[in-house]
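Visitor: Structure of the sequence below:
(chains A and B)
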Amino acid sequence: MLRFVWTVASVALTLLAYRASSAVHDRFRSPLTNPVFLAVAGIMIIFAVSGLDYVPYRRGTDPLIALLGPATAALAIPLYRHREIVIAYALPAITGLLCGAMATLFAAVFFAASLGLAPIVVQSIGIKSVTAPIAVELAPLIGGDPALTVALVVATGILGAMLGPWMLDRAGVHDPVARGLAFGTVATGIGTAQAAMEGEIQGAVAGVAMGVAAVLVATVAPVLIPRLLHLLI
Amino acid sequence: MARRFAAIAAQVALLWFMSWVGHESVALLHLPLPGNVAGLLLTFLALLCGVLPVRFVEQGAGLLVRKLPLFFVPLAVGFVTQGHLLATHGFAILAALIGSAAVGFAVTGRVAQFVTQLLRNANVAARRPHAEIRLDRR
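Guide: The predicted model follows:
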């Protein structure tokens, strides 16, 4: 009974926080008002101020987390719909994605290790450019922490949406396909939303890139990251 | 309204089943791949082969993809348990995230742009003799 009350309360709190954050985002469109960022910050403040235990909330939100599986499978539908674009730009897209996903993984692990962060942080940061529902499952396979990984993925998305347009301009990347690809590969879901604001091609390519990059990194990371860590620390 | 709700619920259940098959096959075959990625790939293959018509899942999938960020809010809140880490190493983490994002954006964008240009030049080169033949005939 108590369990049931916690479930209803936790799901309701999450939905409410997300609803309110989305309303704020609709009014003040900015990467800083990103709904996930605001909702997470809001709920964290509630827990910090009230001193409530986080664990019952986490268990209570199991029904929401259970939907991550089907939600990931659902990403196959945009991938299928845009298969023509995927095929037409297959070669440059795959090459760019492969190099970019590996470069950001190596850079993250290298910077984190050089800055003296703990191994669990270095492992988690290695997959910060993997879309959250996949990163959550990938984290335990490489010795990372799921909660920390999700926070890093969300932070990467927000930073990517904020700084990505400027970084791409500075790097001289103007091709719409290349820009969309970079947003999806590096900044996952929140980056994809930013790419869609730049244009339709950018958005579609970003969505597909996010899925492909996640599959690619998920395949190599369990073998690669522990070895990298062994070399660096 | 009720019919639409039932349709979406059934489609979400179907996607949940695909994801479950993905999880089970990964566990069975001991693949170093997250179960839900296997679910994504299986769903994509089923769509490509025509085993799964897109209209059987598109409503439910549309809803899930639109609300995708919501589902990882509870997990990200788990960061509250890492408060001490953020307080002591927040700056280093931020630096690593920004630095690696810059590298990722530049490499992905530049390489994709470079290969696109390479292919375009190759196409132009391939077409040129053809154009010359045409000119000769005239």
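Visitor: Output the contacting helices and strands for the longest helix belonging to chain A.
Guide: The residue-count maximum for a helix in chain A (DSSP state H) belongs to helix A:200-232. When contacts are defined as 3 or more C-beta pairs under 8 Å, 6 or more residues apart in numbering or on different chains; DSSP states H and E, helix A:200-232 sits against helix A:76-81, helix A:83-88, helix A:90-114, helix A:119-126, helix A:132-142, helix A:176-198, helix B:35-49. Any C-beta I mention is one placed from the backbone N, CA and C, and that applies to glycine too.
Visitor: Return the member of these having the minimum mean pLDDT.
Guide: Ranked by mean pLDDT, the helices and strands packed on helix A:200-232 bottom out at helix A:83-88, which scores a mean of 78.
Visitor: Determine the set of other helices and strands touching that one.
Guide: Here helix A:83-88 touches helix A:200-232, going by 3+ C-beta pairs under 8 Å, 6+ apart.
Visitor: circling back: wait, which of the helices and strands packed on helix A:200-232 is closest to B:A13?
Guide: Taking C-beta to C-beta, helix B:35-49 is the member of those nearest to B:A13, at 13.5 Å.
Visitor: relative to helix A:132-142, how tilted is that closest one?
Guide: 130 degrees (axes from the mean of the first three to the mean of the last three C-alpha atoms, to 10 degrees).
Visitor: Pop the domain breakdown of the chain in here.
Guide: Answering for chain A, as no chain was given. Chain A breaks down into these domains under automatic domain parsing: A:2-66, A:76-232.
Visitor: that's the other chain; I wanted chain B
Guide: B:1-71, B:80-138.
Visitor: centroid residue for chain B?
Guide: B:L40 (8.9 Å; C-alpha atoms, centre = their mean).
Visitor: Please tell me how far that residue sits from chain A.
Guide: 5 Å (C-beta to the nearest C-beta, to the nearest Å).
Visitor: from memory that residue sits against A:A218, does it?
Guide: No - the pair B:L40 / A:A218 is not scored as a contact, 9.9 Å apart, by C-beta atoms under 8 Å.
Visitor: burial of A:V55, as a residue count?
Guide: If you count neighbours by other C-beta atoms under 10 Å in any protein chain shown, A:V55 ends up with 11.
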